[in-house]
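Trainee: I would like the atomic coordinates for the input below:
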Amino acid sequence: MKRSTGLNLQRLALPGLALAVTLAPHLHAEEIEEIMVTSSKRGPQSLQSIPLSVQALTGEQLAAAGASDFNGFFRLIPGLSVFDQGPGDKRYIIRGVNATGAGTVGLYLDEVVITGENAQDGGGRQPDIKLFDIDRVEVLKGPQGTTFGSSSLSGTIRYITNKPELTEAELNLQATLRHISGADIGGQVEAAVNLPVIEDKLAVRLAALRLDEDGFIDSRFDDGVNSDSTTAARASLLYAPNDALSLSLMAMFQNLETDGPAYFNRVDGTGTALADLTQADLSANPFDDEIRIYNATLEYGSDYGTFTGTVSKLDRDTVFNRDASAAVGPTSVITQPKDRQVESYEIRFTSAWDSPVQALAGFFAQDEERFFQSRIFPSDPVTGKFSEVSGFSLDRNVDTSVSEQALFAELSVDVTEELTLTGGIRWFDIDVDEVATAVQGFSGAPGAGRGPRLKFGEDDTIGKLNLSYQVNNDLMTFLQWSQGFRAGGTNDQTAAEIAQVTIPAGFGSDALDNYEIGVKSTWMEGKLLANASLYYIDWADIQIQDQAQDPNNPSVFFPFRANGGGADIYGIEIDITASPIPGLDLGLVASYTDAELSEDNPLATSGLKGDGITYIPETTLTLTGQYARPLPYRDLTGFVGADLSYVDERNTELRPNSPLFVTLDSYSLVNLRVGVESDTWSAVLAVHNAFDDDTAVDVFRIIPGLTPDGFIPQRPRTVALSFQQRFF
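Mentor: The predicted model follows:
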């Protein structure tokens, strides 16, 4: 039965067979089949036909790569990197745009904005969404401000879940045993069930995951503290009473717990060398991250286009703990619980006119409430656990409200059959209201009490222009100028008042202009896809972290945010996929990024012209290969595969002469896999980081210059055995 445009948006978003890096065990008889993406909000479009720098990985590819979260797939996307401070505390980076503060990459789960923020000290960056029952991951590179708004400064990542199927029942089970070198055996189990309740009209889908992984880093109190225990579940409903109307409901929770951070120290606080993969902390530092996500989306399709209305809510509670003994001895913990609630609303219209002109228009609103506490308590030197002793030391809190409204529109005109011009615009208005309270100071003495109410407001307009030319059926080129922005905000005054230092009340937004040229091409009768983008980014008024020195303790600095200078970023991204013979899939993705400050920041210590932006590898490269062929037994298919990833060195600070400047070494990773599958089941044996590379990928500092550097290592060699059963 034919469905309307609205319902087809649900049905066409099904897993593709090959895209970018092909990992799934299947045989290609003819051309490579592509995935359909919905990243432009204009309905499903083929990746080779959409004139944007977009890449995606299907759920099939993610499973074959053994990816359970972001760390398992980011090397497969050129131009995508990460600043990793442990579970629930990551900063995603696209095209070299990395700075302190709120995320520079927008993050979505279906229609829900889940972008992390780090307005206060610890935790709360991008959430570690586990990849279970996922249709695909879409990565949009370059600013997406006109379509996705604030914090999509350099791009957007979208996790697209599997939707209920109206006609067929389905039951999938998967179990994985995983052994990380230096840790006990762990693993995960996943289940997904699809149930049509009323054929062609109503269906529900349920999915769940339980993951338990022991850590490989030891503390003085326990072994394997960088563990990961996660429980997650999702329920979805699709109701399509007729050809024109569909209603989708989704609810999800994810609870992540870890016994400690993911870093090790090379020396303790006295400078004494420590054993390998050991922490120097004098306290136990668990981390909890609870996420609740809700969404309702209504679509109505007509001959003129599709109307979409969506309502979403994100509720995230984190508890971030770190050793504070160096600041408040002899042994103590700083604990920072944070509650964040975000409600967002969007209505939009996507045209389907019988015309060379097409349009997209919509309204977006978002309300956010955050409550943050920072307290220091004494910890037991034997167990490392802290006791909530009233009056011991620091106790402060920050209450923040953020309101945003926006109008957006895009208009596309087919100038000729080959040439299309698209223009986009977004007007936004953002207001921030914040009040902080200092209950007590570091010594336990009464604090300054409730501080002044700080306000920040901003409204502006950004735009984009895109010109695409379809040379022939196998070759398309495009030119694009696009703008992105990241909202400004306020600086918490309570900590500064406790230390009797003065910091600015707030900071402004930063913004960038992106200029790029891209090409998408198909060769060898569809057996080779070759795409590339060349870009330049002009980034202005970068939000930077500055520091004010405590006059009573010169070794202690209080961070605050300010606006610095600008940066120039040049880069190229290459993505090649080939299936030259049946069963053989080859892939290459590579990127080159030159990201430097183009002018001095206000203080020389915070960066000068020519300094490289932090945590940006100049070159990345991933090669993949897989060969599958039928086995002479019960219609089975066997496959073997491997991939090699290279990431260039990165710097941890802007100023090379900074005492905190560290150059992180380049590294290479090799992953291997072998498996067998039938129509209903599959078994895969995989080895990740086969040569056990132990390069440090990030540096963590509790109190810079006062506590020893922590180094976050590459995950050691990991052997995983997975079995999946599809019952119907």
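
Trainee: which stretch of helix or strand covers the residue in the chain sticking out farthest from the centre?
Mentor: Distance to the chain centre peaks in the chain at residue 632, reaching 42.6 Å (criterion: C-alpha atoms, centre = their mean). For residue 632, there is no host helix or strand (DSSP states H and E).

Trainee: what's the distance between the nearest residue to residue 551 once chain neighbours are set aside and residue 546?
Mentor: Of all residues not flanking residue 551 in the chain, residue 500 sits nearest, at 6.2 Å (C-beta to C-beta, 6 or more residues apart in numbering). To be clear about C-beta, it is placed using only N, CA and C from the backbone, and glycine gets the same treatment. Distance, residue 500 to residue 546, using C-beta to C-beta, to the nearest Å: 17 Å.

Trainee: out of these two, which sits in the busier spot?
Mentor: For residue 500 and residue 546, the more surrounded residue by other C-beta atoms under 10 Å is residue 546, and the numbers stand at 22 against 12.

Trainee: Just the buried positions in stretch 388-407, please.
Mentor: 392-398, 400, 402, 404-406 (16 or more other C-beta atoms under 10 Å).

Trainee: same check, this time on stretch 228-240
Mentor: With burial defined by 16+ other C-beta under 10 Å, the residues of stretch 228-240 counted as buried are 228, 230, 232-234, 236-240.

Trainee: now those in CSV, with pLDDT, secondary structure and distance to residue 595?
Mentor: CSV is the format used below for the buried residues of stretch 228-240 (pLDDT from 0 to 100; DSSP: H, G, I helix; E, B strand; the rest coil; distance: C-beta to C-beta, whole Å):
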residue, pLDDT, secondary structure, distance to residue 595
228, 92, strand, 31
230, 96, strand, 33
232, 98, strand, 35
233, 98, strand, 40
234, 98, strand, 37
236, 98, strand, 39
237, 98, strand, 44
238, 98, strand, 43
239, 98, strand, 47
240, 97, coil, 47
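
Trainee: For the stretch 451-600 of the chain, which residues score under the pLDDT cut-off?
Mentor: In the predicted model of the stretch 451-600 of the chain, residues 495, 498-499, 553-557 satisfy pLDDT under 70.

Trainee: how near is residue 359 to residue 57?
Mentor: Going from residue 359 to residue 57 by C-beta to C-beta gives 30 Å.

Trainee: Those two - which one has more neighbours?
Mentor: Comparing residue 359 with residue 57 by other C-beta under 10 Å, the one with more neighbours is residue 57, at 27 against 16.

Trainee: For that one, give the beta-bridge partners.
Mentor: residue 137 (DSSP bridges).

Trainee: Surely it is in contact with residue 135?
Mentor: No - judged on C-beta atoms under 8 Å, residue 57 makes no contact with residue 135 at a distance of 10.4 Å.

Trainee: For this protein, which segments are assigned as helices?
Mentor: For the chain, helices defined by DSSP state H occupy the ranges 5-11, 59-64, 145-148, 494-498.

Trainee: Out of those helices, name the one with the poorest average pLDDT.
Mentor: When those are ranked by mean pLDDT, helix 5-11 comes last with a mean of 31.

Trainee: Looking at residue 603 now. What's its pLDDT?
Mentor: 78.

Trainee: Can you name the residues that contact the nearest residue in space to residue 592 that is not next to it in sequence?
Mentor: Excluding the flanking residues, the one nearest residue 592 by C-beta to C-beta, 6+ apart is residue 572, at 5.0 Å. Contact analysis of residue 572 by C-beta atoms under 8 Å, 6 or more residues apart in numbering lists 532-535, 591-592.

Trainee: Enumerate every residue touching residue 203.
Mentor: By C-beta under 8 Å, 6+ apart, the contact list for residue 203 reads 164-166, 194-197, 237-238.

Trainee: now, which of those residues sits nearest residue 307?
Mentor: residue 238 (17.2 Å; C-beta to C-beta).

Trainee: Bridging across strands, which residues link to the closest one?
Mentor: Going by DSSP bridges, residue 238 forms beta bridges with residue 203, residue 248.

Trainee: Test my guess that it contacts residue 250.
Mentor: No - using C-beta under 8 Å, residue 238 makes no contact with residue 250, being 9.6 Å away.

Trainee: tell me which of the buried residues of stretch 228-240 is nearest to residue 415?
Mentor: Among the buried residues of stretch 228-240, residue 240 lies closest to residue 415 (C-beta to C-beta), at 36.9 Å.

Trainee: Can you read off the backbone torsions of the closest one?
Mentor: Per-residue torsions, residue 240: phi -130, psi 80 (degrees, to the nearest 10).

Trainee: show me the contacts for the residue nearest to residue 551.
Mentor: Each residue near residue 500 by C-beta under 8 Å, 6+ apart is listed here: 550-552.

Trainee: For residue 633, grab the count of nearby residues.
Mentor: With other C-beta under 10 Å as criterion, residue 633 counts 9.

Trainee: Contact partners for it?
Mentor: Contacts for residue 633 (C-beta under 8 Å, 6+ apart) come out as none.

Trainee: separation between it and residue 626?
Mentor: Distance, residue 633 to residue 626, by C-beta to C-beta: 20 Å.

Trainee: Likewise for residue 137?
Mentor: 19 Å.

Trainee: Ok, residue 657 next?
Mentor: 47 Å.

Trainee: Just confirm residue 149 contacts residue 106, I think it does.
Mentor: Yes - contact criterion C-beta under 8 Å: residue 149 and residue 106 qualify, at 7.4 Å.

Trainee: where exactly do the strands run in the stretch 501-650 of the chain?
Mentor: Using DSSP state E, counting those that start in this stretch, the strands of the stretch 501-650 of the chain run over 506-507, 510-523, 528-540, 543-549, 557-563, 567-578, 584-597, 619-630, 637-647, 650-651.

Trainee: And the fourth one, what does it pack against?
Mentor: It refers to strand 543-549. When contacts are defined as 3 or more C-beta pairs under 8 Å, 6 or more residues apart in numbering; DSSP states H and E, strand 543-549 packs onto strand 557-563.

Trainee: Residues contacting the strand it packs on, please?
Mentor: Taking C-beta under 8 Å, 6+ apart as the rule, strand 557-563 contacts 100-101, 488-489, 491-492, 495-496, 499, 501, 503-504, 507-508, 510, 541-550, 602, 704-705.

Trainee: cool, stretch 374-381 as well?
Mentor: Stretch 374-381 has contacts (C-beta under 8 Å, 6+ apart) with 120-121, 282-284, 324-325, 327-328, 330-336, 385-389, 392-397, 442, 495.

Trainee: Mind checking which of those are in strands?
Mentor: Per DSSP state E, strands hold the following members of the contacts of stretch 374-381: 332-336, 395-397.

Trainee: beta partners for the nearest residue to residue 724 once chain neighbours are set aside?
Mentor: Take residue 724 and drop its neighbours on the chain: the residue closest to it by C-beta to C-beta, 6+ apart is residue 174, 4.3 Å away. The bridge-partner assignment for residue 174, based on DSSP bridges, gives residue 190, residue 724.

Trainee: Burial check on residue 174, number of neighbours?
Mentor: Per other C-beta under 10 Å, the neighbour tally for residue 174 reads 19.

Trainee: Out of the ones in strands among the contacts of stretch 374-381, flag the one nearest to residue 457.
Mentor: Ranked by distance to residue 457 (C-beta to C-beta), these are led by residue 397 at 23.1 Å.

Trainee: Can you pull up the most central residue in the chain?
Mentor: Nearest to the mean C-alpha position of the chain, counting by C-alpha atoms, centre = their mean, stands residue 92 at 5.0 Å.

Trainee: That one: what's it in contact with?
Mentor: Residues in contact with residue 92 (C-beta under 8 Å, 6+ apart) are 70, 74, 80-82, 103-105, 107, 126, 157.

Trainee: In JSON lines, list those residues along with neighbour count.
Mentor: Shown next, in JSON lines, are the contacts of residue 92 (neighbours: other C-beta atoms under 10 Å):
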{"residue": "70", "neighbour count": "22"}
{"residue": "74", "neighbour count": "22"}
{"residue": "80", "neighbour count": "24"}
{"residue": "81", "neighbour count": "25"}
{"residue": "82", "neighbour count": "19"}
{"residue": "103", "neighbour count": "23"}
{"residue": "104", "neighbour count": "28"}
{"residue": "105", "neighbour count": "27"}
{"residue": "107", "neighbour count": "23"}
{"residue": "126", "neighbour count": "22"}
{"residue": "157", "neighbour count": "26"}
